[in-house]
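S.K.: generate a structure from the sequence data that follows.
(2 chains)
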Amino acid sequence: KQEVTQIPAALSVPEGENLVLNCSFTDSAIYNLQWFRQDPGKGLTSLLLIQSSQREQTSGRLNASLDKSSGRSTLYIAASQPGDSATYLCAVDSSNTGKLIFGQGTTLQVKP
Amino acid sequence: GAVVSQHPSRVICKSGTSVKIECRSLDFQATTMFWYRQFPKQSLMLMATSNEGSKATYEQGVEKDKFLINHASLTLSTLTVTSAHPEDSSFYICSAPMGPTNEKLFFGSGTQLSVL
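M.R.: Have a look, this model is predicted:
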């Protein structure tokens, strides 16, 4: 059974710092991995999607890497801003159907 | 871009009542939709897969008679929480995949259910 774990559960950094969020999954047989942002009481915003054949994806200040064999992914946020404060969720698709297994999330606070 | 509309965004109801949540794909056909539940400070847990024209597939531990799912058209799936109790209070959110490999996922905005 696929399990997704995110570390740390919470993170607080001063504005301008670069930071890394970690995600690990137990079954390396995945089709893709996605990183999402969730603001309190709101839905999900997809940030980056990495296919199983890819090693990384970049969008603006965000860079996500995938090491499928070791079951790990990282989300790197450069030059963090207070507007980046949110919960970041990692999710894997092991069935190629769009059915996702989510991690518990990392709640990020960027202090001005 | 493709959008999934979810209503209502917030519901407060008395214990014992039933609550219907709708998810509608606005500009694409969704033969499949997924329903997730999120308790406070926890992650999203898949409840069921809604299939157009057929019965939903429920995850282990989810009561199908309590959480009724109907996917009668290619653009609408509904989740009805029957005889809601305070322990059903949660954030419910749907998603619909699009594209030949289902990698494009569109999420509704979620429904916060509070049962008094």
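S.K.: just the strands in chain B please.
M.R.: With strands called from DSSP state E, chain B shows them at B:4-7, B:10-13, B:19-25, B:32-38, B:44-51, B:57-58, B:67-73, B:76-81, B:90-98, B:104-107, B:111-115.
S.K.: for the second one, which outside residues touch it?
M.R.: For strand B:10-13, the external contacting residues (C-beta atoms under 8 Å, 6 or more residues apart in numbering or on different chains) are B:Val19, B:Ile21, B:Ala84, B:Thr111, B:Gln112, B:Leu113, B:Ser114, B:Val115, B:Leu116. Where C-beta positions appear, they are placed from N, C-alpha and C, glycine not excepted.
S.K.: selection in ChimeraX covering whichever of the residues you listed are buried, please.
M.R.: A single ChimeraX command selects the buried members of the contacts of strand B:10-13 (16 or more other C-beta atoms under 10 Å in any protein chain shown):
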select /B:19,21,84,111,112,113,115
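S.K.: for the contacts of strand B:10-13, which one is nearest chain A?
M.R.: Nearest to chain A among those, counting by C-beta to the nearest C-beta, is B:Gln112 at 6.1 Å.
S.K.: shouldn't that closest one be in contact with B:Pro40?
M.R.: No. The criterion here is C-beta atoms under 8 Å, and B:Gln112 misses it with B:Pro40 at 10.3 Å.
S.K.: in stretch B:75-87, what counts as buried?
M.R.: Here stretch B:75-87 shows B:Thr75, B:Leu76, B:Ser77, B:Thr78, B:Leu79, B:Val81, B:Ala84 as buried, counting by 16+ other C-beta under 10 Å.
S.K.: spit out the contact partners of the nearest residue to the fifth one once chain neighbours are set aside.
M.R.: It refers to B:Leu79. Sequence neighbours aside, B:Ile21 is the residue nearest to B:Leu79 in space, at 4.7 Å (criterion: C-beta to C-beta, 6 or more residues apart in numbering or on different chains). Residues in contact with B:Ile21 (C-beta under 8 Å, 6+ apart) are B:Gln6, B:His7, B:Pro8, B:Val11, B:Thr78, B:Leu79, B:Thr80, B:Val81, B:Tyr92, B:Cys94, B:Thr111, B:Leu113.
S.K.: how about the nearest residue to A:Ile101 once chain neighbours are set aside, phi and psi?
M.R.: Computed as C-beta to C-beta, 6+ apart, the closest residue to A:Ile101 that is not its neighbour in sequence is A:Gln2, at 4.9 Å. Main-chain dihedrals, A:Gln2, degrees, to the nearest 10: phi -70, psi 130.
S.K.: hang on, isn't A:Gln2 packed against A:Asp93?
M.R.: No. The pair A:Gln2 / A:Asp93 is not scored as a contact, 9.6 Å apart, by C-beta under 8 Å.
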